[in-house]
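Engineer: Predicted structure and sequence below. I'll ask about it afterward.
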Amino acid sequence: MASTQIIMDADTWKAFQQGSKEAFETIYDRHWHTLLRYTYSVVTDQDIAKDILQEYFMEIWEKRETLPVPQNTEAFLLFVLKHRILNALRKEQIREKHIHLFSSLKQAAADDTVANSMLFKEAYQTLLAQVNQLPPRMKHVFQLKHFDNLEIAEIATTLNISGQTVRNQLNEASHRLKTKLRNNFLTLMF
């Protein structure tokens with residue numbers, strides 16, 4: 001029975017990638033409540049959680065052709081959503097209230113079955129390869145922020161540069177990575 005569900009999910013996903021709105025609605029309907037529950041558990045504001053999820057599904061639709069066919073659709077959607085939520089929190093300036101979130105999501109990703117899958121390992125290697133191509137200072141700033149979870153003020157103090165320089169470096173790094181990874185689902189993480 002589980003094998004049949006996986007085949008049905010894969011077929012639905014492939015139809016979705018080819019632009020089938022019915023397949024998209026099936027994925028949306030099948031996973032909306034689980035994804036909303038997860039988002040709400042992190043954000044704790046139902047309106048913001050719904051906004052994040054609506055934006056997330058719009059972005060999934062826009063990038064459908066570049067997304068891999070996941071073995072487990074729900075696990076894949078949750079994996080990508082975790083990164084989307086981090087970005088939304090940062091954009092909404094409420095990340096300060098949820099400082100522990102990044103560490104807990106990173107730990108959850110490490111424990112998650114998707115994180116152990118080939119998809120995550122391959123995506124992570126692709127990201128690391130692109131980060132390694134950044135100029136040395138920019139790469140260091142990006143790593144301190146996204147891999148070591150340091151705040152902008154901490155990075156500025158550590159590197160003896162201004163907070164604005166840190167923000168500029170992070171913005172430029174994100175822009176370059178999005179450009180390099182343009183047709184890749186990894187851009188959902190920035």
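Structural biologist: Thanks, I have it. Numbering: from 1, shown residues only.

Engineer: any idea which helix is longest in the chain?
Structural biologist: helix 21-43 (DSSP state H).

Engineer: And residue 19, how close does it get to residue 142?
Structural biologist: Applying C-beta to C-beta, to the nearest Å, the value for residue 19 to residue 142 is 34 Å. All C-beta spots, glycine's among them, are computed from the backbone N, C-alpha and C.

Engineer: So those two - more neighbours on which side?
Structural biologist: A count of neighbours by other C-beta atoms under 10 Å puts residue 142 above the other of residue 19 and residue 142, at 20 against 11.

Engineer: And the longest helix of the chain, how far out from the chain middle?
Structural biologist: Centroid separation between helix 21-43 and its chain, computed with C-alpha atoms, centre = their mean, to the nearest Å, is 15 Å.

Engineer: Enumerate the positions of that helix that are buried.
Structural biologist: 23-24, 26-28, 31, 35-36, 38-40, 42-43 (16 or more other C-beta atoms under 10 Å).

Engineer: Least confident of the residues you listed?
Structural biologist: Ranked by pLDDT, these bottom out at residue 43 (81).

Engineer: residues contacting the closest residue to that residue other than its chain neighbours?
Structural biologist: Counting by C-beta to C-beta, 6 or more residues apart in numbering, residue 43 lies nearest to residue 49, which is 4.7 Å off, once chain neighbours are set aside. Contact analysis of residue 49 by C-beta atoms under 8 Å, 6 or more residues apart in numbering lists 36, 39-40, 42-43.

Engineer: swap the cut-off to 6 Å and go again
Structural biologist: Taking C-beta atoms under 6 Å, 6 or more residues apart in numbering, we find residue 49 in contact with 39-40, 43.

Engineer: what angle do the helix or strand that it is a member of and helix 21-43 make?
Structural biologist: Using DSSP states H and E, residue 49 sits within helix 46-62. Counting by axes from the mean of the first three to the mean of the last three C-alpha atoms, to 10 degrees, helix 46-62 points 140 degrees away from the direction of helix 21-43.

Engineer: what separates helix 46-62 from the chain centre, distance-wise?
Structural biologist: That offset, for helix 46-62, works out to 12 Å (C-alpha atoms, centre = their mean).
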